[in-house]
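**Q** got a predicted structure plus its sequence, pasted below:
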Amino acid sequence: MSVPNTDVRSLVATALPMPVPADEYDGCPVTGLLRLLSDKWSMLVLVLLGRQPYRFNELHRAIGGISQRMLTRTLRGLESAGLVLREVHPTVPPSVEYRLTPLGQSLLGPLSGLADWAVGNEAALAAARRPVAAATSSRPSRPAG
């Protein structure tokens, strides 16, 4: 992956240098997208906007527990990534509507596939986590020092 590779057919089929250089990992488009989507609210905002456009306050009311500041930050991040379009309507006061861009719409299929996989494997994932969590919690703690 030393040269920018835009013709990657499959994540699994891609040859990786060993060790993988940190700067290449950080610059990878997959890493960037996963960072964007892995915050607490981005995926939910994308799913909601995939169903319909929302005005800011409608979207804020549709997401329990998100602050206005965090919703603003989330929308700005998704907008700067080209996934969300912010449209200001010339009304008094101005109203702002958010919708997915065609690029954002095209992400819904892969996100649905990932969500289907997670739901289908929920029990197996939970069972696999239990032994690791139990082993971690049964280790004696080290004294500070």
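**A** Arrived safely, thanks for sending. Treat the numbers as computed from the prediction; the structure is a model and nothing was measured.
**Q** okay, CA-based contacts and neighbour counts for the rest of this
**A** Noted.
**Q** what are the ranges of the helices in the chain?
**A** Along the chain, counting by DSSP state H, helices occupy 22-27, 29-37, 42-51, 56-62, 68-80, 102-120, 122-138.
**Q** show me how far the fifth one is from its chain's centre.
**A** Using CA atoms, centre = their mean, to the nearest Å, the mean C-alpha position of helix 68-80 is found 13 Å from that of the whole chain.
**Q** isn't Leu78 right next to Val84, touching?
**A** Yes. Counting by CA atoms under 8 Å, Leu78 touches Val84, with 5.5 Å between them.
**Q** save the helices of the chain as CSV, and put in distance to Val92, mean pLDDT and mean neighbour count too.
**A** Shown next, in CSV, are the helices of the chain (distance: least, CA to CA, whole Å; pLDDT from 0 to 100; neighbours: other CA atoms under 10 Å):
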stretch, distance to Val92, mean pLDDT, mean neighbour count
helix 22-27, 43, 87, 12
helix 29-37, 33, 90, 13
helix 42-51, 24, 97, 18
helix 56-62, 15, 96, 15
helix 68-80, 21, 97, 16
helix 102-120, 29, 95, 13
helix 122-138, 48, 80, 11
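**Q** quick one: which of the ones you listed is nearest Val12?
**A** Minimum separation from Val12 across the helices of the chain (CA to CA) falls at helix 29-37, 12.5 Å.
**Q** please list the residues outside that closest one that contact it.
**A** 25-26, 42-43, 77-78 (CA atoms under 8 Å, 6 or more residues apart in numbering).
**Q** could you export that helix as CSV, CA atoms only?
**A** Provided in CSV are the C-alpha atoms of helix 29-37 (Å, rounded to 0.1, in the frame of the first residue of the first chain):
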residue,chain,number,x,y,z
PRO,A,29,-9.6,5.9,3.2
VAL,A,30,-11.1,3.0,5.1
THR,A,31,-9.5,4.1,8.4
GLY,A,32,-10.8,7.6,7.8
LEU,A,33,-14.3,6.5,7.1
LEU,A,34,-14.4,4.1,10.1
ARG,A,35,-13.2,7.0,12.4
LEU,A,36,-15.9,9.2,11.0
LEU,A,37,-18.6,6.6,11.5
